[in-house]
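Visitor: would you be able to build a 3D model of this:
(chains A and B)
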Protein chains: 2
Amino acid sequence: MTEATYAAKYGRWGADRPIGVAVLGMGNVGSEVVRILREHADDLRARVGAPVVLRGVAVRDTTNRGIPGELLTTDADALVARDDVDIVVEVIGGIDPPRRLILAALNAGKSVITANKALLADYTGELAAAAERSRADLYFEAAVAGAIPVVRPLIQSLAGDRVNRVVGIVNGTTNYILSAMDETGADYADALADATRLGYAEADPTADVQGFDAAAKAAILASLAFHTRVTAADVYREGITRITAEDLETATALDCTVKLLAICERVGSGPGEPDPAEGGKERVSVRVYPALIPRKHPLATVSGAFNAVVVEADNAGRLMFYGQGAGGAPTASAVLGDLVMAARNKFYGGRAPGESVYAELPIAPIGDTPTRYHVNLQVADKPGVLQAVAGEFAEHGVSISTVRQEEHGGRARLVVVTHHAMESALADTVSALAEMASVTSVTSVLRLEGTEE
Amino acid sequence: MTEATYAAKYGRWGADRPIGVAVLGMGNVGSEVVRILREHADDLRARVGAPVVLRGVAVRDTTNRGIPGELLTTDADALVARDDVDIVVEVIGGIDPPRRLILAALNAGKSVITANKALLADYTGELAAAAERSRADLYFEAAVAGAIPVVRPLIQSLAGDRVNRVVGIVNGTTNYILSAMDETGADYADALADATRLGYAEADPTADVQGFDAAAKAAILASLAFHTRVTAADVYREGITRITAEDLETATALDCTVKLLAICERVGSGPGEPDPAEGGKERVSVRVYPALIPRKHPLATVSGAFNAVVVEADNAGRLMFYGQGAGGAPTASAVLGDLVMAARNKFYGGRAPGESVYAELPIAPIGDTPTRYHVNLQVADKPGVLQAVAGEFAEHGVSISTVRQEEHGGRARLVVVTHHAMESALADTVSALAEMASVTSVTSVLRLEGTEE
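Guide: Numbers count the residues shown, from 1 in each chain, chains lettered A, B, ... in the order given. Next comes the predicted model:
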């Protein structure tokens, strides 16, 4: 329904013309959204300038929800289509039915607030186009880092700046597991089992531990930071399932810890292209993997289920945002902030900023991305091995920062930390090392982030 | 000029209808705003949807500014009044002429972006009313904590939450001085002299070291957090000029440091009033003073000229925002973010959220505010002194958390840390202690913040 139709039917929004809200889904987040809408109706009315009324909640099963039965429906499509619904909050998760429901709402000119990172990571273009056509609002602060305002700062506060880098811990489950491994020395399987028992990991933890959740958020952050459409498929992704207790020991020895990082950054132009300063097209790299970071780095102190995002921009410098990245109430806080803004737009006119992808920067393949490696090798304990290993790095054009040699009862270990080099050169070096006769095994390979070189 | 008049004269805003900007003031911040407007015109155009054009810069002296002379004027009033100026950026500072110029702009329906905390702390009501009358935008992200997005998160992201507490380090000069005292053991005078020499303190540092700057920012933060108009006069304020090297030593002994904190929090209802849970009117306390905080508190690690703000809300939980709180480029980043939003509003319709002061919570006097004290006493080294001192605390209804007694060559020292008590009871206790025969002197009194009790 357009504003004109609405006005003809109900009069203008105002003190006696409520703004109707439909909530789709009543899990952890939906329940909290519904609770706040009902308990804080007076505050919301004062902040919007008009009453905000819950019209209905779409659920799969209408029993025992603790709210009046007439608010519940299993027919989400009909709820979205109701004439007295102006704003739709989607907190179901997954691609369908949310995609269909959100498009229906946007096509009808209704504002949509969603926390659905998986959907946004792949379909923001389609959703934003629908919002643009009907001049509707699409807000999604809750999709990244829960209660932490990071979407709005990137879209609005930094709208006049040039963001160079976004690095975040954006998945609470993996951060809980890695923090536990760091603190207790537990191995991955035990830490995961504990996290599952305590409710920090889902029964099927794949989306979290394999980095899919973080990759979806990285795609959203990169899109906003670089004004370029980035989808989940553009994100290079490694999970934390191969991180061992020994990796954490290694980290501690280096005064580092291991974190699953979402990294979005501008990198140079492609091979053979002129430098960006000389007219070449800059590219962006978006990747998610576990990496060593120095304990004194601000992200190293983010432990347990907390999230944090560091943003580096030309003029603002380095900013950090920290808080609860998941959970019903924190995520609902982000949803409600968006809801008040969407309701104010209905009341006063105005629109949320639409998608901004004008820069259209190409995505650099992971091989072209500069990273640093930390490599642990078991080697034969005889003269000349260090020289041979160093030669292999040099042959691939990888410069070594430090080497430490350790001996334990006839077995020798080499710990090599490189300078920044192209990821493909580093990977090739590691493959070559594994085939050397004097190298017994490559015991671990970890990237190192958060250092100045 | 109204939008209709503008449209009649120039056509609608759009690709070939630029949005005109006037910058008032060309100091550190103004110079950076002008530089970014000129260097990044293409990005700004893409992000706004229409060209953004610098119409002129008001300065006191038009010589040697490094920009075309025709952009410079000493007549700020005439620049603001120009028909082709749609947005006015005020970065002059001080109350007048900014107040007059901003009101003129708002009354003419022009959007205003200001970094002027002193003006906002006292005149937001007047400015917001003018903006409301002409349906113009008033943005001021840059007024608090420089580049760190904290104004927009409080107004927008937390619009659906209930903020209980905002605690921040919002003055870089004093944080630089206190960090230096903490790290080097320097006394206040020496640390201030260093800060002045290095450009971290102004020639007249009064506004910073006496806490006036932080108090203005606290007033702004409290207004936004509690939907209540708070002015600088409502803020209890103590500066850092009486902090000694010995205070920092004491802090270190307690595993604390000393920070100048801006604290905005909900406190209970007034004396004799029913509890807020039983219908009594909640009050807010807004105060700025140096205080001990534990070194493991997130704000303790904020050193040098950096700023950080911690926000605690019912649903979001604890959030922290960290970054550069001052300086030309960081502050300009915040101004430009607001500028892009104001320009988008011109282009697409819509308005910045106006002032929200519906809650009208009363301000609690400092005496009614619960705080904790850390008190150092020189006492006579004879039996019964500890008992007498403890009795004085008890008589004022102040509960003691820890007492430490130290002896140095016939002189004894008592170090007392209290539980939370009303500030007036704590102050009365200290006055009474100073008059006790067995107390040689009260060597230091510091509040303790950031503890759970």
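
Visitor: next one: stretch A:326-338 to chain centre, how far?
Guide: Put simply, stretch A:326-338 sits 16 Å off its chain's centre (Cα atoms, centre = their mean, to the nearest Å).

Visitor: does it reach chain B?
Guide: Yes: against chain B, stretch A:326-338 shows contacts by Cβ under 8 Å from any Cβ of the partner chain at A:329-330, A:332-338. C-beta: built from backbone N, CA, C; applies to glycine.

Visitor: among those residues, which two are most distant?
Guide: Spanning the widest gap among these are A:329 and A:338, at 15.3 Å by Cβ to Cβ.

Visitor: so which of the two has more stuff around it?
Guide: Per other Cβ atoms under 10 Å in any protein chain shown, whichever of residue A:329 and residue A:338 has more neighbours is residue A:338, with 29 against 22.

Visitor: hmm, residue A:142 and the more buried one touching each other?
Guide: Yes: in terms of Cβ atoms under 8 Å, residue A:338 counts as a neighbour of residue A:142; the distance is 7.1 Å.

Visitor: excluding chain neighbours, give the residue nearest to residue A:262 in space.
Guide: Leaving aside its chain neighbours, residue A:262 sits nearest to residue A:218 (3.9 Å; criterion: Cβ to Cβ, 6 or more residues apart in numbering or on different chains).

Visitor: can I assume the one you found is in contact with residue A:289?
Guide: No: when contacts are counted by Cβ under 8 Å, residue A:218 is not listed as touching residue A:289 (10.5 Å).

Visitor: which SS class is residue A:93?
Guide: Using DSSP: H, G, I helix; E, B strand; the rest coil, the structure places residue A:93 in coil.

Visitor: ok, it - contacts?
Guide: A:25, A:27, A:115-116, A:118 (Cβ atoms under 8 Å, 6 or more residues apart in numbering or on different chains).

Visitor: pLDDT wise, what is the residue in the stretch 101-250 of chain A positioned nearest to chain B at?
Guide: In the stretch 101-250 of chain A, the residue that lies nearest chain B is residue A:160 (2.3 Å; Cβ to the nearest Cβ). Residue A:160 is assigned 96 on the pLDDT scale.

Visitor: isn't residue A:288 right next to residue A:264, touching?
Guide: No: Residue A:288 lies out of contact with residue A:264 (Cβ under 8 Å); the separation is 9.8 Å.

Visitor: joint contacts of those two?
Guide: Shared contacts of residue A:288 and residue A:264 (Cβ under 8 Å, 6+ apart): residue A:218.

Visitor: can you give me the domain boundaries for chain A?
Guide: A:3-143+A:329-348, A:151-326, A:369-448 (the TED database).

Visitor: and the average pLDDT for the shortest one is what?
Guide: Averaging pLDDT along domain A:369-448 yields 92.

Visitor: can you give me the end-to-end distance of it?
Guide: In domain A:369-448, first residue to last residue: 13 Å (Cα to Cα, to the nearest Å).

Visitor: any idea how far the residue in chain A sticking out farthest from the centre is from residue B:32?
Guide: When distances to the mean C-alpha position of chain A are computed (Cα atoms, centre = their mean), the maximum falls on residue A:383, with 47.3 Å. Per Cβ to Cβ, to the nearest Å, residue A:383 is found 59 Å from residue B:32.

Visitor: next one: residue A:262
Guide: Computed with Cβ to Cβ, the distance linking residue A:262 and residue B:32 is 30 Å.

Visitor: so for those two, which sits in the more crowded spot?
Guide: Between residue A:262 and residue B:32, counting by other Cβ under 10 Å, residue A:262 is the more crowded of the two (31 against 22).

Visitor: what bridges to the more buried one?
Guide: residue A:168, residue A:288 (DSSP bridges).

Visitor: could you pull out the helices for the stretch 1-150 of chain A?
Guide: Ranges of helices within the stretch 1-150 of chain A are A:3-10, A:28-39, A:41-48, A:76-81, A:98-107, A:117-133, based on DSSP state H, counting those that start in this stretch.

Visitor: check which helices and strands the third one is in contact with.
Guide: Just to be clear, that refers to helix A:41-48. Counting contacts by 3 or more Cβ pairs under 8 Å, 6 or more residues apart in numbering or on different chains; DSSP states H and E, helix A:41-48 is packed against strand A:52-58, helix A:328-348.

Visitor: most packed of the ones you listed?
Guide: Stretch with highest mean neighbour count among the helices and strands packed on helix A:41-48: helix A:328-348 (a mean of 26; mean count of other Cβ atoms under 10 Å in any protein chain shown).

Visitor: restrict that helix to CA atoms and write it as PDB.
Guide: Extracted C-alpha coordinates of helix A:328-348, given in PDB (Å, rounded to 0.1, in the frame of the first residue of the first chain):
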ATOM      1  CA  GLY A 328      18.100 -12.600  21.800                       C
ATOM      2  CA  ALA A 329      18.100  -9.300  23.700                       C
ATOM      3  CA  PRO A 330      21.200  -7.700  22.100                       C
ATOM      4  CA  THR A 331      20.100  -8.600  18.600                       C
ATOM      5  CA  ALA A 332      16.600  -7.300  19.400                       C
ATOM      6  CA  SER A 333      18.200  -4.000  20.600                       C
ATOM      7  CA  ALA A 334      19.600  -3.600  17.100                       C
ATOM      8  CA  VAL A 335      16.300  -4.500  15.500                       C
ATOM      9  CA  LEU A 336      14.400  -2.100  17.600                       C
ATOM     10  CA  GLY A 337      16.800   0.800  16.800                       C
ATOM     11  CA  ASP A 338      16.100   0.100  13.100                       C
ATOM     12  CA  LEU A 339      12.400  -0.100  13.800                       C
ATOM     13  CA  VAL A 340      12.300   3.300  15.400                       C
ATOM     14  CA  MET A 341      14.100   4.800  12.500                       C
ATOM     15  CA  ALA A 342      11.900   3.100   9.900                       C
ATOM     16  CA  ALA A 343       8.800   4.200  11.900                       C
ATOM     17  CA  ARG A 344      10.100   7.800  12.000                       C
ATOM     18  CA  ASN A 345      10.600   7.700   8.300                       C
ATOM     19  CA  LYS A 346       7.000   6.600   7.800                       C
ATOM     20  CA  PHE A 347       5.900   9.500  10.100                       C
ATOM     21  CA  TYR A 348       8.200  12.300   8.900                       C
END
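
Visitor: mean confidence for it?
Guide: 94.

Visitor: of the residues of stretch A:326-338 next to chain B, closest to residue A:235?
Guide: Using Cβ to Cβ, the residues of stretch A:326-338 next to chain B come closest to residue A:235 at residue A:334, 22.1 Å.

Visitor: name the nearest residue to the closest one, sequence neighbours excluded.
Guide: residue A:142 (3.8 Å).

Visitor: next, the distance between the ends of stretch A:206-215.
Guide: 13 Å.

Visitor: how far off centre is it?
Guide: Taking mean C-alpha positions (Cα atoms, centre = their mean), stretch A:206-215 and its chain are 10 Å apart.

Visitor: got the contact list for it?
Guide: Residues from elsewhere that reach stretch A:206-215 (Cβ under 8 Å, 6+ apart): A:117-118, A:121, A:170-171, A:173-174, A:177, A:192, A:201-202, A:232, A:235, A:237-241, A:260, A:262, A:288-289.

Visitor: repeat the analysis, applying 6 Å as the threshold.
Guide: The contact list for stretch A:206-215 (Cβ atoms under 6 Å, 6 or more residues apart in numbering or on different chains) reads A:170-171, A:173-174, A:232, A:235, A:237, A:239-241, A:262, A:288.

Visitor: so which of the residues you listed are in strands?
Guide: A:237, A:262, A:288 (DSSP state E).

Visitor: might you report the residue contacts of the last one?
Guide: So the one you mean is residue A:288. Contacts of residue A:288 (Cβ under 6 Å, 6+ apart): A:211, A:214-215, A:218, A:237, A:262.
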